[in-house]
Each structure stands twice: as C-alpha cells, then as structure tokens.
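> any chance you could fold what I've pasted below:
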Amino acid sequence: METLPKGLTLKLCEGAFPLSTDSMVLAHFVRLPKNARVLDLGSGCGALGLLLCAKDDRCQVTGLELTENAHLTALDNIRENALHSRMESICGDLRTIDQYFSPGTFSCCISNPPYFSGGPASLTVPLARRDDCCSPEELLRSASIALKFGGDFFLVHKPEKLAQLIACGASNAMEAKQLRLVRHKEGGPITTILLQFRKGGKPGLIIDEFCLFDSRGDMTPYYREVYHIS
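Numbers count the residues shown, from 1 in each chain. Just a heads-up that it's a prediction; the model follows:
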C-alpha cells in the first residue's frame, strides 16, 4: 500500500510496478484547466488519477486500462478513497478509443506509457512496460481523438523516443509545447522527458531542465516539490 498526498492511498495488483518517479514527476508537470475532464491512457491501478485528484479537487479523471487485474485494482482504489464522483476506470484498448468515447470528450489527457519495444525478446517483460499495444503513434492518435481542440496531452517517456513522439504528435494535429528534461543526478545523463502537446496548437516549444539529486546526492528543491516534502 502506497501513501499519497492528502491522505489518499494506492493499492497495487500482483505484478504491478510500485509507485514510480515517472508518475510523480508527471503529476507534478501536469497543468489542469478549471474543472478539467481528464483521460488517463493506460491508467493501470489508477496512480496518476489519484495524484491528480489530490492535486486539484475539481478535476474528474477517467482511466482507460487494457489489463483486467489493474482495472479491477483501480476500481478498488477509487472505492477505498471515496472518489466515485470524480474517478472511474474502464477496461479497454486505447487503439480503439472511439468505441468508448466521442471525439473531443476530454479537456486533458495524461499517460505514463510502456517504454520497452515488443517482440519475442520482450515476452518476459510485463505488458504494462511493453509497447506492443501502445506505440507512440497509437498513443498520440488516441489522445488527439479524445481531446477537444486546444486540449493538452501530458506524458512521460524516455529521451531516446523524443524525436518519434514529436513527429507522431505533428501527424495527429498535436503540437509539442513544452519539454522538460529530467536528470536523476546533477551532471548525469537525461533519464526522463516530460512532454506537453496541444491539439491544434501553434508552433513554439518551451524547454526546461531539472535534477532530482544534486552532485552530493542530496534532494533538490525540485525533488521536494515533486514528492511534497516540506
């Protein structure tokens, strides 16, 4: 059981990954419009939805998750945190997103998607970490369909996928608007990227950079903000 901000809790299903830095930095990166209606693509056990509900008490979050075990655990988490009026989980495939929602339903999308390439060599990697069912092209296409014009899509990924993600966004009317580079330690390599896309957005990309730990290995102010450490 993980403890989240504002007293919320997160239960994980068997085989699920623990609450990750990726989810924490993404939730911190997201900027929600007033009374946001959010779609979490590949929502797992509902970690991002819970973090956003703790962050903004006016947002509503719908999770779309392919694996049944994670979906059922998300329903448990919604019930345990008394968030029935603000969160829901749907067991479904984002590649057929138009079967679940009308185009333009959501004002914001989020995703902590799979990073590892599919194929025979990856079969030992849990589905939640493989992109067999969630390639960058499929992910950006789904977000574009779900979002209203002017809506934002926030995601976390690995730096080697940056060019592909921006290209897939452009081909789906999604303009990259902000790129955040995250280093685990000052002076170390970039380990994580955070991207904000805007459906129908004009060209113009803001780039910033943060480190989780300084050169001595101490927590940075950024890390403290992400993890709500005073």
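
> for this protein, which segments count as strands?
2-3, 9-10, 37-41, 60-65, 87-91, 106-111, 147-157, 174-185, 190-199, 206-213 (DSSP state E).

> neighbours of Asn172, how many?
Asn172 has 19 neighbours, counted by other Cβ atoms under 10 Å. Every C-beta, even on glycine, is put in place using the N, C-alpha and C of the backbone.

> ok, the closest residue in space to Leu72 that isn't next to it in sequence - contacts?
Take Leu72 and drop its neighbours on the chain: the residue closest to it by Cβ to Cβ, 6 or more residues apart in numbering is Cys13, 7.2 Å away. With contact taken as Cβ atoms under 8 Å, 6 or more residues apart in numbering, Cys13 is in contact with Cys45, Asn69, Ala70, Leu72, Thr73.

> from Met1, how far off is the first one?
Look at Cys45 and Met1: by Cβ to Cβ, to the nearest Å, they are 11 Å apart.

> over to the second one?
Spatial separation of Asn69 from Met1 under the definition Cβ to Cβ is 17 Å.

> just give me the residue closest to the centre of this protein.
Ser111 (2.6 Å; Cα atoms, centre = their mean).

> isn't it up against Gly49?
No - look at Ser111 against Gly49 with Cβ atoms under 8 Å: they stay out of range, at 11.7 Å.

> rewinding a little: who's the residue nearest to the centre of the chain bridged to?
When bridges are called by DSSP bridges, Ser111 pairs up with Leu155.

> returning to what we had before: where do the contact lists of Cys45 and Met1 overlap?
In contact with both Cys45 and Met1: Leu10, Lys11, using Cβ under 8 Å, 6+ apart.

> of those two, who's got more company?
Between Cys45 and Met1, counting by other Cβ under 10 Å, Cys45 is the more crowded of the two (29 against 7).

> so how far is the lowest-mean-pLDDT helix or strand in the chain from its chain's centroid?
Ranked by mean pLDDT, DSSP states H and E, the weakest helix or strand in the chain is strand 2-3, scoring a mean of 91. Taking Cα atoms, centre = their mean, to the nearest Å, one finds strand 2-3 lying 18 Å from the centre of the chain it belongs to.

> for stretch 197-208, same thing?
18 Å.

> give me the mean pLDDT for that stretch.
What stretch 197-208 shows for mean pLDDT is 98.
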